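Q: Structure, please.
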Amino acid sequence: MQLPYAVRNLGQLLFRNVRVRIATGLNKGMKWSIVTSGRGYGSGAFGADRIEALGFVVRAGDRFWDVGAHKGFVSLAASRMVGAAGIVVAVEPAATNRWFLRHHLEWNGIENVTVVPVALSGERGEAHFGGRGDSLAYELGRGDEIVAVRTVVDLVTDGGLPPPDVLKIDAEGQEAAILDGGLEAIPAHAALLVSVHGRAMQEACTQILSQRGFRLFESWEMARCSADPHEQWTSDYDLLAVGPTRDVDTDALQSLTLFKGR
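A: Numbering: from 1, shown residues only. Next comes the predicted model:
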């Protein structure tokens, strides 16, 4: 049984500085808050197939954007992937998530990650952000927090950030808007891993990316839904897009767990 939201929130405030070591995976040995160690974060199992796929396309020295960085699990992994010569841009609008994100970076002595406190979408502005319960499902247009909304182009041209070589996008329904408003600032050699929330969003993202010449690789779950229009879309499934000028071994890529299944 899940505890009431208010009780869970109080527990987070009381124990959020208590640290555990991540047990396995690319983040093995890193310090992580005990109050957010569920869902496979503490064990290191969270998103292992996604992180494996990202590790396949990331190169040392890359500029990695973690869009929807949440509490920083992927950002920590990406900081190791890109190495000292690379940088990670962690884009996270939620203040609560950013507290954990910044502390996870600080506790682990991570210096190649820049935190950007905005939400990405297709237009510049401000919006409500949040939700009730699980911060994994915070969305634009919900909640009480007012956040700045920017596009990829805004962050590159006005924010002075380097164009991304690799992007992970997990933005709860803003995927197509982010791509539509930002592709002009994304190089042709870039690779993107997009968590897609629904069949209609899949079609929109596929159209936007394919028109730019990106090669598309559907996760095994997405491929199952694509093959059968009656198959129920029950979660966010992943779409990997590889730019036309980025070299990748497609046979080896498709043998990864994210694409072949377990």
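Q: Let me see the mean pLDDT of stretch 14-23.
A: Mean per-residue pLDDT for stretch 14-23: 94.
Q: How about stretch 178-188?
A: For stretch 178-188, the mean pLDDT works out to 94.
Q: Next, the residues that contact it from outside, please.
A: Contact partners of stretch 178-188, identified using Cβ atoms under 8 Å, 6 or more residues apart in numbering, comprise 67, 120-123, 151-153, 155-157, 163-165, 167, 169, 171, 192, 194, 205, 208-209, 212-213, 243-246. In this view, the C-beta of every residue, glycine as well, is placed from N, C-alpha and C.
Q: Now list the buried members of the residues you listed.
A: Neighbour counting by 16 or more other Cβ atoms under 10 Å classes 67, 120-122, 151-153, 155-156, 163-165, 167, 169, 171, 192, 194, 205, 208-209, 243, 246 among these as buried.
Q: Leaving out the residues flanking it, which one is nearest to Arg212?
A: Leu183 (5.8 Å; Cβ to Cβ, 6 or more residues apart in numbering).
Q: what number of residues lie near the one you found?
A: Residues near Leu183, counting by other Cβ atoms under 10 Å, number 17.
Q: Tell me the secondary structure at it.
A: Three-state assignment for Leu183 (DSSP: H, G, I helix; E, B strand; the rest coil): helix.
Q: which strand residues sit across from Ala148 in the sheet?
A: Per DSSP bridges, the residues bridged to Ala148 are Glu126.
Q: Cross-check the contact I'm expecting between it and Val118.
A: Yes - judged on Cβ atoms under 8 Å, Ala148 makes contact with Val118 at a distance of 4.6 Å.
Q: what sits in contact with each of these two?
A: Residues touching both Ala148 and Val118 (Cβ under 8 Å, 6+ apart): Pro93.
Q: Between the two, which has more neighbouring residues?
A: Neighbour totals were compared for Ala148 and Val118, and Val118 leads with 19 against 15 (other Cβ under 10 Å).
Q: I'd like to know how far the more buried one sits from Cys225.
A: 31 Å (Cβ to Cβ, to the nearest Å).
Q: Ok, Thr114 next?
A: Thr114 sits at a distance of 35 Å from Cys225 (criterion: Cβ to Cβ).
Q: which of these two has more neighbours?
A: When neighbours are counted by other Cβ under 10 Å, Thr114 and Cys225 differ, and Cys225 comes out ahead with 20 against 16.
Q: ok so that one is a helix residue?
A: Yes - remark: Cys225 belongs to a helix, assigned using three-state DSSP.
Q: The spatially closest residue to it that is not a sequence neighbour and Thr257: what is the separation?
A: Distances taken as Cβ to Cβ, 6+ apart place Glu231 nearest to Cys225, at 4.6 Å, with adjacent residues excluded. For Glu231, the distance to Thr257 equals 20 Å [Cβ to Cβ].
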